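Visitor: Structure, please.
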Amino acid sequence: MQKNVKLSILTPEKVFFNGEVTQIIAETPEGEMGIMAGHMPSIAVVSDSLLNVEENGTWRSAALGQGIMDVSAAGIEFFVDTAEWAEDIDVQRSEKALRSAEERLRGNLSHTEYLRAHTAIARAIARLKTAHSRKH
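Guide: All right, here's what the predicted structure looks like:
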């Protein structure tokens, strides 16, 4: 039997998840990281990405916003600005947000407006990818 690892996902508003899991697969800018109990300590950036979590033999997916992942002997901790389970994502709202941000990019934008539109696109894509990831 596989040993479990403690997983905590924290946002500024709440403790999104805190429990024991078998493993996770996290997306980072460098690629996917699979993490189980006993993984070497590491820190990674997460940015509007998909997180797959195996808990009691069942996989769940969450969309994570921007933040960091800290892996230590004590477990895995995510400190992110947003987190949402796949089943809670409003696909129509995410598609609308994506279209709106893409439309804004077609305009004459300041640098700040460009960055905000780009961030909105990345977040909408991550949410849609997560909502459609129920393959596990």
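Visitor: next one: phi and psi at Gln23?
Guide: Here the main-chain torsion angles of Gln23 (degrees, to the nearest 10) amount to phi -170, psi 170.
Visitor: before we move on, what about the one 5 residues further on?
Guide: In terms of degrees, to the nearest 10, the main-chain angles of Thr28 are phi -130, psi 170.
Visitor: Can you tell me how far it is from Asn108?
Guide: For Thr28, the distance to Asn108 equals 34 Å [CB to CB, to the nearest Å]. (Glycine included, C-beta is placed from N, CA and C.)
Visitor: again with Ser94
Guide: Taking CB to CB, one finds Ser94 at 26 Å from Asn108.
Visitor: Neighbour count for these two, which is higher?
Guide: Ser94 (21 against 6; other CB atoms under 10 Å).
Visitor: Now do the same contact list for the residue nearest to that one when sequence neighbours are not counted.
Guide: In this structure, Ser94 finds its nearest non-sequential neighbour in Arg127, 4.4 Å apart by CB to CB, 6 or more residues apart in numbering. Residues in contact with Arg127 (CB atoms under 8 Å, 6 or more residues apart in numbering) are Ala63, Glu84, Ile89, Ser94.
Visitor: Among these, which lie within strands?
Guide: Per DSSP state E, strands hold the following members of the contacts of Arg127: Ala63, Glu84.
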